[in-house]
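Engineer: sequence and computational prediction follow.
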Amino acid sequence: MAVGELGPRVKDAGLAALVATALLLPILGMETVPGPDGRLTLDFHLHLVAIGALLVFAGRLALSLLLHGRALRPSGRAGAVAEFVSRHGTWFGLAGIAFALALPFLPFASRYTIDVATTIVIYVMLGWGLNIVVGLAGLLDLGYVAFYAVGAYSYALFAQWFGLGFWACLPIAGLLAATAGVLLGFPVLRLRGDYLAIVTLGFGEIIRLVLINWHEVTGGPNGIADIPRPSFFGFPFTRSPAEGETAFHELFGLEFSTLHRVIFLYYLALALALITNLFVLRIRKLPIGRAWEALREDEIACKALGINPTNTKLTAFALGAMFGGFAGSFFATRQGFISPESFTFIESAIILAIVVLGGMGSQIGVVLAAAVIVLLPEIGREFETYRMLIFGAAMVLIMIWRPRGLLAHREPTLTLAAARGGRR
Amino acid sequence: MSRPILEVLHLTMRFGGLVAVDDLTFTAYAEDVTAIIGPNGAGKTTVFNCLTGFYRPTAGQLTFHGHEGPVLLERLEGFRVPRHGLARTFQNIRLFGGMSVLENLVVAQHNELMRASGYTILGLFGAASYRRAEAEAVERARFWLERTGLIERADQPAGSLPYGEQRKLEIARALCTGPKLLCLDEPAAGLNPRETAELGELLLGLRDRHGVAVLLIEHDMSLVMRIADHIVVLDYGRKIADGPPERIKRDPAVIKAYLGETEEEELPPEVAADLAASGGG
């Protein structure tokens, strides 16, 4: 490499070291210690600052020499991969479904892997639900967890008050969550972009605060315990069933194992997620789905074409919320216990991160992103303290590498080529 | 004279203290290409925005003879205007850039397709009636794509088209709503002379073969003089002239508005040449 190229790199590294010094001075360089008379005094550790700055200098220089200005840029090859994956989405989807179906019976499957897989599947479902609102309709919703909470609490309360089972509660939970979506939607949908995001953020917090403070109904911060666990269409997963009932293991003549319920929950989540996916795939090709995408691209043009923007946005909000509600009631039956603690803002942020990371509007992208987001902290469990640091750094790297999400390629919902082929 | 399609009576639009359109009255006819011309800031686009429900006029009556008989446009919400048969394009092109050309044209037929899909419910189950309706929508899109010469572009993202084709696509999209009157806001802006000539042919074809009346705002005088049957001239929100092109060309008020108070001898040579070219045609 030419020596001439070294100059600007050293300068760049020097600049990075300067910034590092400024940052490290208060973080590492100064320590408050109690003095002899009990007052706090400052201790200076300037050698630590110097070591830090030197490390940054060396690291930055090495990085720029090694990479030679190549990497850490949006990758073109990854774009081609994304295009390939979306073009053959059906095959990747089918392979994924086959893998998901076989998972509990694969040799490495344990209670832990199935549990983690169930969590991934729930997040996939939430991601697909939120994808309707954020990816297709382009409405930034920071309070999606509110609908998840509405679904969870409606299942818990209806089961407690009226003794309804999971399958009876599921549509009720979805309906109530959709209603919550419409109620939120009506006043706020005239807002756009950042303003809408702020209001939805507020709505998420309002629901959580109502759950905490409405003791009589929600049990306040104590939450609701003893939520009925799911049964296999009426056959419970217990070792010794009540009088006149048949347990799942008796029905199939199996040895009793607590794993049965875990596997059943996994398949239940998978079924719900696949229903969500099928729904979204179909609706994307219907007029309403195309109107959502058109609305995301240009609302004024939509109006000029006779599309009612309010109704169109409301349906997106309501349907997205409905799937959040379904996922919520599954969450309640899986945990057996819910409290407002489970529905904090960080949940909304994670679901949104899954959608954005996956590539707005991409179904397979959501699966990948959900797997990454759930697995990263699990893998990082050994490092405990650095877990969130690794998590954050990974997200930054992914966004540098693929700024529009892992799979950002969009396939048209209908093509003239296909229409021609169909006629022949 | 033929049937009126749009009657504008005493239209006034005020923004605070600014009077953008002041007591404008004119009529557009069903078998005509009507042009609204005027210097920059004369209030032309404001008239369009009042017609298409984007602004609520301060005063005035806008009668449109649409598919379901006469309607008062000033009482309609913006998104309800197109279904009466009035479509528009925008000065700064507004396409759905991430969607394909064909999708843009199918979205324009949203309301019919919504009905055909049983407001999504029938469509979810893949009802045959919906599939038929969708095939018809594609057929109509193909029809206008062929007329505008965009058929080869059908499956490309609209945002990737060159500027001139984007303009054409926006017109095709407006036509897919099945309008009786098409309002075009500076359709020739940014087009080269050949594209402008094609646009002129397209608009005349709409009038003559497809029975679509055209109302256009345009700065390209040679295009306006060639295709317009009727010209309305605005200046500072007021109508200063109204009539066939031959009369407008010789109207002293129009010449004054465009060229200021200066005597004709003192005109810069290129402006004088321009005027002679359009006036002599």
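Structural biologist: Good, I have the coordinates.
Engineer: mind naming the longest helix for chain B?
Structural biologist: Using DSSP state H, we find that the single longest helix of chain B is helix B:128-148.
Engineer: the very next helix or strand once past that one vs chain A: in contact?
Structural biologist: Counting by DSSP states H and E, the next helix or strand C-terminal to helix B:128-148 is helix B:163-175. Yes - for a cut-off given as C-beta under 8 Å from any C-beta of the partner chain, helix B:163-175 has contacts with chain A, namely B:173-174. Bear in mind the C-beta positions are built from the backbone N, C-alpha and C, glycine included.
Engineer: and helix B:163-175, what other elements does it pack with?
Structural biologist: Applying 3 or more C-beta pairs under 8 Å, 6 or more residues apart in numbering or on different chains; DSSP states H and E, one finds that helix B:163-175 makes contact with strand B:86-88, helix B:101-107, helix B:128-148, strand B:181-185, helix B:193-209.
Engineer: where do the domain boundaries of chain A fall?
Structural biologist: Structurally, chain A divides into domains by automatic domain parsing as follows: A:3-67, A:76-401.
Engineer: using JSON lines, lay out the helices and strands packed on helix B:163-175 together with mean neighbour count and distance to chain A.
Structural biologist: JSON lines is the format used below for the helices and strands packed on helix B:163-175 (neighbours: other C-beta atoms under 10 Å in any protein chain shown; distance: least, C-beta to the nearest C-beta, whole Å):
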{"stretch": "strand B:86-88", "mean neighbour count": "27", "distance to chain A": "5"}
{"stretch": "helix B:101-107", "mean neighbour count": "27", "distance to chain A": "5"}
{"stretch": "helix B:128-148", "mean neighbour count": "18", "distance to chain A": "5"}
{"stretch": "strand B:181-185", "mean neighbour count": "24", "distance to chain A": "9"}
{"stretch": "helix B:193-209", "mean neighbour count": "16", "distance to chain A": "18"}
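Engineer: export these to CSV and tack on mean pLDDT?
Structural biologist: Converted to CSV, the helices and strands packed on helix B:163-175 look like this (pLDDT from 0 to 100):
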stretch, mean pLDDT
strand B:86-88, 90
helix B:101-107, 91
helix B:128-148, 86
strand B:181-185, 91
helix B:193-209, 89
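Engineer: what's the closest of these to residue B:55?
Structural biologist: strand B:86-88 (12.7 Å; C-beta to C-beta).
Engineer: partner strands of that closest one, parallel or antiparallel?
Structural biologist: Looking at strand B:86-88 with DSSP bridges, its partner strands are strand B:181-185 (parallel).
Engineer: alpha carbons only: can I get the strand it pairs with in CSV?
Structural biologist: The C-alpha coordinates for strand B:181-185 follow below in CSV (Å, rounded to 0.1, in the frame of the first residue of the first chain):
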residue,chain,number,x,y,z
LEU,B,181,-63.0,15.0,-16.5
LEU,B,182,-59.2,14.7,-16.1
CYS,B,183,-57.4,17.6,-14.4
LEU,B,184,-53.7,17.8,-15.2
ASP,B,185,-51.4,20.1,-13.2
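Engineer: can you state the direction angle for that strand and helix B:163-175?
Structural biologist: Here strand B:181-185 runs at an angle of 150 degrees relative to helix B:163-175 (axes from the mean of the first three to the mean of the last three C-alpha atoms, to 10 degrees).
Engineer: contacts for strand B:181-185?
Structural biologist: If you take C-beta atoms under 8 Å, 6 or more residues apart in numbering or on different chains as the criterion, strand B:181-185 is touched by B:5-6, B:28, B:44-45, B:48, B:51-52, B:64, B:85-91, B:171, B:174-175, B:203, B:206, B:212-218.
Engineer: what about burial for the residues you listed, which qualify?
Structural biologist: For those, a neighbour count by 16 or more other C-beta atoms under 10 Å in any protein chain shown gives the buried set as B:5-6, B:28, B:44-45, B:48, B:51-52, B:64, B:85-90, B:171, B:174-175, B:203, B:206, B:212-218.
Engineer: up against chain B, what does chain A have?
Structural biologist: Residues of chain A lying near chain B (C-beta under 8 Å from any C-beta): A:279, A:282-283, A:286-288, A:290-291, A:293-294, A:296-298, A:300-309, A:315, A:410, A:412-417, A:419.
Engineer: before we move on, back to that, could you identify which of the domains of chain A is most buried?
Structural biologist: Among the domains of chain A, domain A:76-401 has the highest mean neighbour count (mean count of other C-beta atoms under 10 Å in any protein chain shown), at a mean of 19.
Engineer: who are the contact partners of the residue lying closest to residue A:280 once chain neighbours are set aside?
Structural biologist: In this structure, residue A:280 finds its nearest non-sequential neighbour in residue A:128, 5.6 Å apart by C-beta to C-beta, 6 or more residues apart in numbering or on different chains. Contacts for residue A:128 (C-beta under 8 Å, 6+ apart) come out as A:273, A:276-277, A:280, A:323, A:363, A:366.
Engineer: got phi/psi on the residue lying closest to residue B:236 once chain neighbours are set aside?
Structural biologist: Spatial nearest neighbour of residue B:236, chain neighbours left out: residue B:42 (6.5 Å); criterion: C-beta to C-beta, 6+ apart. Main-chain torsions, residue B:42, degrees, to the nearest 10: phi -80, psi -10.
Engineer: isn't residue B:42 up against residue B:237?
Structural biologist: Yes - at 6.8 Å, residue B:42 counts as touching residue B:237 under the criterion of C-beta atoms under 8 Å.
Engineer: all helices for the stretch 51-200 of chain A, in order.
Structural biologist: Along the stretch 51-200 of chain A, counting by DSSP state H, counting those that start in this stretch, helices occupy A:76-87, A:89-102, A:111-131, A:145-162, A:166-188, A:193-213.
Engineer: residue B:78 is nearest to which of those?
Structural biologist: Of all those, it is helix A:166-188 that lies closest to residue B:78, at 18.8 Å by C-beta to C-beta.
Engineer: tell me which other helices or strands the closest one touches.
Structural biologist: Here helix A:166-188 touches helix A:145-162, helix A:193-213, helix A:309-335, going by 3+ C-beta pairs under 8 Å, 6+ apart.
Engineer: how about TSV for the ones you listed, with distance to residue B:198 added?
Structural biologist: Conversion of these to TSV gives the following (distance: least, C-beta to C-beta, whole Å):
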stretch	distance to residue B:198
helix A:145-162	51
helix A:193-213	38
helix A:309-335	33
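Engineer: how about a markdown table for these, with mean pLDDT added?
Structural biologist: A markdown table is the format used below for the helices and strands packed on helix A:166-188 (pLDDT from 0 to 100):
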| stretch | mean pLDDT |
| --- | --- |
| helix A:145-162 | 89 |
| helix A:193-213 | 88 |
| helix A:309-335 | 91 |
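Engineer: and of those, who's closest to residue A:118?
Structural biologist: Using C-beta to C-beta as the measure, helix A:309-335 is the one of those that comes nearest residue A:118, at 7.1 Å.
Engineer: give the contact list for residue A:306.
Structural biologist: By C-beta under 8 Å, 6+ apart, the residues touching residue A:306 are B:79-83, B:110-111, B:177.
Engineer: let's go with 7 Å and repeat that
Structural biologist: Counting by C-beta atoms under 7 Å, 6 or more residues apart in numbering or on different chains, residue A:306 touches B:79, B:82-83, B:110-111, B:177.
Engineer: per-residue pLDDT, it?
Structural biologist: Note on residue A:306: pLDDT of 89.
Engineer: alright, that wraps it up for me.
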